[in-house]
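Undergrad: Quick one: sequence plus predicted model below, questions after.
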Amino acid sequence: MIDLDAFQARIHEQIPLTRALGVTLEDFDGERLSVRAPLEENHNHQGTGFGGSLYAVAVTAAWSLLELWLAQRDLNCRVVVQSGSMDYGLPVSSDFYAQCALPVSDDLERLERSIERRGKGRVTLESTIFAEEGGTAFPAATFSGRFVVVRE
């Protein structure tokens with residue numbers, strides 16, 4: 001069983017930016033992770049979500065999901081983002097959250113085999129930033145990133 005509070009404390013210690021952004025790990029069901037952040041700590045000069053903050057929260061959701069997936073399998077690995085891009089569709093004018101889901105099982109099986117055989121592997125993850133207005137959440141931005149996993 002994964003202790004999200006302990007994992008959140010770990011990322012706040014190891015990645016201080018997550019603490020400054022006010023990142024909280026909200027929900028993890030084994031296949032999907034939601035990461036919340038307040039607009040107050042993450043706004044730009046126009047009062048909407050700062051692009052760099054949105055990017056950082058989206059990367060945090062994807063990176064954290066992969067770390068949690070590896071922990072569930074007792075795979076002791078390092079995870080780093082190799083490349084990433086973000087599409088900003090709508091301005092974010094409220095607190096927001098990023099949600100990332102694991103890719104299709106074929107991608108995960110390929111990753112796990114690569115780690116077993118070569119000690120490393122790569123996988124692409126996508127996370128979506130959702131903003132909330134009037135009790136309704138809507139997608140505002142999408143991150144896609146390639147992650148490298150190296151067995152320790």
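TA: Nice, thanks for sending it over.
Undergrad: quick one, longest helix in the protein?
TA: helix 51-72 (DSSP state H).
Undergrad: Does anything pack onto that helix? Which helices or strands?
TA: Judged by 3 or more CB pairs under 8 Å, 6 or more residues apart in numbering; DSSP states H and E, helix 51-72 is in contact with helix 4-14, helix 16-20, strand 24-28, strand 32-37, strand 77-88, strand 96-101, strand 120-133, strand 136-151. Any C-beta I mention is one placed from the backbone N, CA and C, and that applies to glycine too.
Undergrad: again, only using 7 Å
TA: When contacts are defined as 3 or more CB pairs under 7 Å, 6 or more residues apart in numbering; DSSP states H and E, helix 51-72 sits against strand 32-37, strand 77-88, strand 96-101, strand 120-133, strand 136-151.
Undergrad: what does the second one contact?
TA: Contacts of strand 77-88 with the rest of the structure, by CB atoms under 7 Å, 6 or more residues apart in numbering, involve 51, 54-55, 58-59, 63, 66-67, 70, 115, 122, 141-152.
Undergrad: Check those residues for burial and list the buried ones.
TA: The neighbour-count test (16 or more other CB atoms under 10 Å) marks 54-55, 58-59, 63, 66-67, 70, 115, 141-143, 145, 147, 149 as buried among these.
Undergrad: Assign a three-state SS to residue 93, would you?
TA: Assigned state for residue 93: coil (three-state reduction, DSSP: H, G, I helix; E, B strand; the rest coil).
Undergrad: list the contacts for it?
TA: 47, 48, 131.
Undergrad: now do residue 49
TA: 39, 42, 43, 91, 92, 96.
Undergrad: isn't the fifth one right up against residue 139?
TA: No: in this structure, residue 92 sits apart from residue 139 without contact. The criterion is CB atoms under 7 Å, and the distance is 10.5 Å.
Undergrad: With neighbour numbers in mind, choose between those two.
TA: When residue 92 and residue 139 are compared for neighbours, residue 92 comes out ahead with 26 against 12, by other CB atoms under 10 Å.
Undergrad: Excluding covalently adjacent residues, which one is nearest to the more buried one?
TA: Nearest residue to residue 92 in three dimensions, chain neighbours excluded: residue 49, at 3.2 Å (CB to CB, 6 or more residues apart in numbering).
Undergrad: Repeat that for residue 36.
TA: Closest to residue 36 by CB to CB, 6+ apart is residue 97, at 4.3 Å.
Undergrad: what are the bridge partners for the one you found, then?
TA: Listed beta-bridge partners, residue 97: residue 36, residue 130 (assigned using DSSP bridges).
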